[in-house]
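Asks: Predicted structure and sequence below. I'll ask about it afterward.
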Amino acid sequence: MAKAKLKNEKTKGSVADFLKSIKDEQKRVDSMAIVEMMQKASGEAPKMWGTAIVGFGDVSLKYESGRELDWFKIGFSARKQNLTLYGLGIAGEQADLLKKLGKHTTGKGCLYINKLEEIDKGVLKRIMEQAARKKN
């Protein structure tokens, strides 16, 4: 099966410009901290995926259906309502760490937080490191 065409493909967009464009000051500061944390966890430089997602590393995913796509290993976006973190393996294997994380929600493979001050950054760092090391 051919690789899927995504609306959020890797671009040559500027991560710095994206971060500067975040209007909410707290969300902008938290986003800069998340970029630093994810870069350390993954050992990869941040890249823009579409206009609003920052991704780290590259991975080729293949689903049971045969669908294939190129994606990032871990990433995030500063959405209006929250900070959305992708690729952190929030299913089963992270359950114990998620209990210690602090105020968050999950859904469809994403981790949602409002502010970094509401969570344990050390726990988030461990979740990121485990996800970045995981083979897909």
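Replies: Happy to help now that I have it.
Asks: switch to C-alpha atoms for all contacts and neighbour counts from now on
Replies: Noted.
Asks: So for the chain, which residue is the most central one in space?
Replies: With distances taken as CA atoms, centre = their mean, the residue of the chain nearest its centroid is G75 (2.4 Å).
Asks: So that residue, which state does it fall into?
Replies: Following DSSP: H, G, I helix; E, B strand; the rest coil, G75 is assigned to strand.
Asks: wait, it sits on W49?
Replies: No - between G75 and W49 there is no contact under CA atoms under 8 Å: 9.2 Å.
Asks: Quick one: the helices in this structure, in order.
Replies: Under the criterion DSSP state H, helices of the chain are mapped to 15-21, 25-42, 95-101, 121-133.
Asks: Quick check: mean pLDDT of the second one?
Replies: By that I understand helix 25-42. Helix 25-42 carries an average pLDDT of 97.
Asks: Buried residues, that helix. List them.
Replies: 27-28, 30-31, 34-35, 37-39, 41-42 (16 or more other CA atoms under 10 Å).
Asks: Pass me the low-pLDDT residue ranges in the chain, would you?
Replies: 1-8, 90-93, 135-136 (pLDDT under 70).
Asks: what do you get if the cut-off is 80, keeping everything else the same?
Replies: 1-9, 61-64, 66-70, 89-94, 108, 134-136 (pLDDT under 80).
Asks: Can you name the residues that contact H104?
Replies: Counting by CA atoms under 8 Å, 6 or more residues apart in numbering, H104 touches 111-114, 119.
Asks: let's see it at 7 Å
Replies: 112-113 (CA atoms under 7 Å, 6 or more residues apart in numbering).
Asks: separation between it and G122?
Replies: Note on H104: its distance to G122, by CA to CA, to the nearest Å, is 15 Å.
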